[in-house]
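Enquirer: here is a sequence with its predicted model. Questions after.
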Amino acid sequence: MMPKVSEQAIAAYETVAAGLVSAGVVRGSMFGMPCLKVGKKVLAGMFGDAMTFKLPPEPREKALALPGAEPFDPGMGRPMKEWVVIPLAQSAAWPDYAAEALEYVAG
């Protein structure tokens, strides 16, 4: 069951998405949730009122230090290794982590 998404979270997510269009990032879907990808690689997604990002170790550790952030578990009972989920309360950080994620997956 997908967590409910607020208008505020959608707006913040759309802002992140729009900021990455020039880098070739497109909107898609992963596990039935909105996601952002470059080529066939997913770099970020929306999970309820939070955004998830695929990050290399250093930025990932930094992201996990944010209040409310945690390893991303899409509901399979085990977190996905490189993914972190950052809550709406920390959405000011979303564009930075989206940029890091883009660099990481496009690298």
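Expert: Arrived safely.
Enquirer: how about residue 84, nearest residue that isn't a chain neighbour?
Expert: For residue 84, the nearest residue in space outside its immediate sequence neighbours is residue 63; the separation is 4.5 Å by Cβ to Cβ, 6 or more residues apart in numbering. Every C-beta, even on glycine, is put in place using the N, C-alpha and C of the backbone.
Enquirer: okay, now the one you found: neighbour count?
Expert: Neighbours of residue 63 under the rule other Cβ atoms under 10 Å: 23.
Enquirer: and it, how far is that from residue 11?
Expert: Note on residue 63: its distance to residue 11, by Cβ to Cβ, to the nearest Å, is 21 Å.
Enquirer: what residues are bridge-paired with residue 84?
Expert: According to DSSP bridges, the partner residues bridging residue 84 are residue 53, residue 71.
Enquirer: OK, contacts around it?
Expert: With contact set as Cβ atoms under 8 Å, 6 or more residues apart in numbering, residue 84 has these partners: 52, 53, 55, 60, 63, 64, 69, 70, 71, 72, 97.
Enquirer: in a helix, that's where the last one is, yeah?
Expert: This means residue 97. Yes. When classified by DSSP: H, G, I helix; E, B strand; the rest coil, residue 97 is found to be part of a helix.
Enquirer: check contacts around the nearest residue in space to it that is not next to it in sequence.
Expert: Distances taken as Cβ to Cβ, 6+ apart place residue 53 nearest to residue 97, at 4.5 Å, with adjacent residues excluded. With contact set as Cβ under 8 Å, 6+ apart, residue 53 has these partners: 43, 44, 63, 83, 84, 86, 97, 98, 100, 101.
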